[in-house]
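Q: Okay, sequence plus prediction incoming.
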Amino acid sequence: MGRLFGTDGVRGIANEELTPLLAMQLGQAGAYVLTKEKEHKPTIMVGCDTRISGDMLANALMAGACSVGANCVYVGVIPTPAVAFLTQKYKVDAGVVISASHNPVEFNGIKFFDGDGYKLPDALEDEIEALIYSQMQGVKFPIGPGVGKIKYRTDAREEYINHAIQSVNVDLSRLKIVVDCAEGAAYYTSVEALKEMGGEVVAIHNNPDGTNINANCGSTHMEELQARVVYEKADVGLAFDGDADRLLAVDENGKIVDGDQIMAIVGNYLKGQGRLKKDTIVATIMSNLGFFLMAEKQGLHVEQTKVGDRYVLERMKELGASLGGEQSGHVIFLDENTTGDGLLSALHLLQVMVETGRSLSELAQIMEVLPQALVNAKVANHKKERYMEYPEIAEAIAALEEKFAGEGRVLIRPSGTEPLVRVMIEGKDYEAIQAEATALAKLIQDRMF
């Protein structure tokens, strides 16, 4: 039986792979494991994104949690970073988000935070899994007054907005901002926060109906935002994903500014103010080579981790770093929140624009983005970790690594959340690396599917 937890919780097609039964079991086992050392009646905060399956899975999970004696606070549709923040603010015992982030509507996911607002280490996830597979062996289910109950709150999102504004207090009255909310959890919080701070806001894809989340919009589909920024003569465009824990931006000319560039811009600004702890940014192996060259030139130290914001966070905590993230737009400001936070990332980026008086296109020139070709190979989910076991694939990868040695790099990795092997090649000639990446992805897909 495969591992339930991936790099970002439990994911799958809702009502097929991620069923209400599994959600209930995760609620039971998660609540028990995360709160079994508590002497008081534990409380778990639960939120979700805008997908139609969110209520079904949230209620199943909360039923499971209540069945082992935990109380639940349901805060409804709210960004993932808001649940992380509120979990620690209210000193509840754990937090849960029902979301599949940037994935299409048919998918959903369940991810846990501990009482301090941090994603769970592998050991705790393994303990939850083992309890589910043992059918809750050894767990005593309470009766009578021992059963948990659910409290519903509708004001939590306002507290998150206030936290973001207080964390990065900047006057946005001179900026015109186009915001793509991905028909997701940012549809209210991001728009309201930017308006409260004085920004002239043009909101798009902010009418979620439960079925349109991430549909040709948000941080995975930037074309409409790019065009709208130019049409509106706006200063900047901001793109969130479904659960609003990541941000990508668009400059005034309609050019994408990715997570690496955002970290470079904000990191150097904070360093100049003496507010970048240890002058260090934690990034992943997927960050652009241009990011590392920028850091060397600017006197910044970069620590590299595996792909996944949880690994970035773990390294940040070990080092005492305050800034880290991924090219995909998960950026963590650890002094202000315990997970990637799209709204905080946006406010920090806008603050640099306001305080320096420079356009985003000017600021983005701090690093040269070298061409990267990223092609996905669709493979069976249970095979995706084993691509190097196929001699023809291993030989092709070795040949490419030799070809690009010294003037680029080749990075192959299985997706943590989808049935894909990702092929990334970095080099000087985009057409050449795109052709090589496409050919290798096709080989992987043909041999492994």
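A: All right, it came through fine.

Q: make it CA atoms for all contacts and neighbour counts henceforth
A: OK.

Q: SS state for the closest residue to residue 445 other than its chain neighbours?
A: Of all residues not flanking residue 445 in the chain, residue 377 sits nearest, at 5.1 Å (CA to CA, 6 or more residues apart in numbering). Local secondary structure at residue 377 is given as strand here, using DSSP: H, G, I helix; E, B strand; the rest coil.

Q: give me every residue that touches the residue nearest to residue 114 when sequence neighbours are not counted.
A: Taking CA to CA, 6+ apart, and ignoring the residues beside it in sequence, residue 114 has residue 94 as its nearest neighbour in space, at 4.6 Å. Applying CA atoms under 8 Å, 6 or more residues apart in numbering, we find residue 94 in contact with 31, 34-35, 43-45, 87, 112-117.

Q: what's residue 94 sitting at in phi/psi?
A: phi -170, psi 160 (degrees, to the nearest 10).

Q: And the pLDDT for it?
A: The score at residue 94 is 94. That number is its pLDDT.

Q: how near is it to residue 416?
A: Here the distance between residue 94 and residue 416 works out to 23 Å (CA to CA, to the nearest Å).

Q: Same question for residue 393.
A: Per CA to CA, residue 393 is found 20 Å from residue 416.

Q: Could you do residue 63 as well?
A: Computed with CA to CA, the distance linking residue 63 and residue 416 is 28 Å.

Q: Excluding sequence neighbours, find me the nearest residue to residue 153.
A: The shortest distance from residue 153 to any residue that is not its chain neighbour, by CA to CA, 6+ apart, is 5.0 Å, and that residue is residue 75.

Q: Quick one: list the elements packing against the strand or helix carrying that neighbour.
A: With elements delineated by DSSP states H and E, residue 75 resides in strand 71-77, which encompasses its position. If contacts are counted by 3 or more CA pairs under 8 Å, 6 or more residues apart in numbering; DSSP states H and E, strand 71-77 sits against strand 43-48, helix 54-67, strand 150-152.

Q: Packed most tightly, which of the ones you listed would that be?
A: strand 43-48 (a mean of 27; mean count of other CA atoms under 10 Å).

Q: That one packs against which elements?
A: Secondary structure elements in contact with strand 43-48, counted by 3+ CA pairs under 8 Å, 6+ apart, are helix 54-67, strand 71-77, helix 80-89, strand 94-98.

Q: Do you have the helices of the stretch 201-350 of the chain handy? List them.
A: In the stretch 201-350 of the chain, helices defined by DSSP state H, counting those that start in this stretch lie at 223-232, 259-272, 289-298, 309-319, 342-356, listed in chain order.

Q: which other residues reach the fourth one?
A: Right, the one you point to is helix 309-319. The set of residues external to helix 309-319 that reach it, using CA under 8 Å, 6+ apart, is 7-8, 119, 282-284, 305-306, 322-326, 330, 332, 334, 338-340.

Q: Narrow these to just the buried residues.
A: 7-8, 119, 282-284, 305, 322-326, 330, 332, 334, 338-340 (16 or more other CA atoms under 10 Å).

Q: Among those, which ones are in strands?
A: The subset of the buried ones among the contacts of helix 309-319 located in strands under the criterion DSSP state E comprises 282, 283, 284, 305, 323, 324, 325, 332.

Q: Identify, from those residues, the entry nearest to residue 140.
A: The shortest approach to residue 140 among these belongs to residue 332, at 38.8 Å (CA to CA).

Q: roughly how far apart are residue 337 and residue 384?
A: 32 Å.

Q: what's the answer for residue 54, then?
A: Residue 54 sits 28 Å away from residue 384, going by CA to CA.

Q: Then residue 5?
A: The gap separating residue 5 from residue 384 is 15 Å, by CA to CA.

Q: Which residue, neighbours along the chain excluded, lies closest to residue 414?
A: Nearest residue to residue 414, sequence neighbours excluded (CA to CA, 6+ apart): residue 421, at 4.2 Å.
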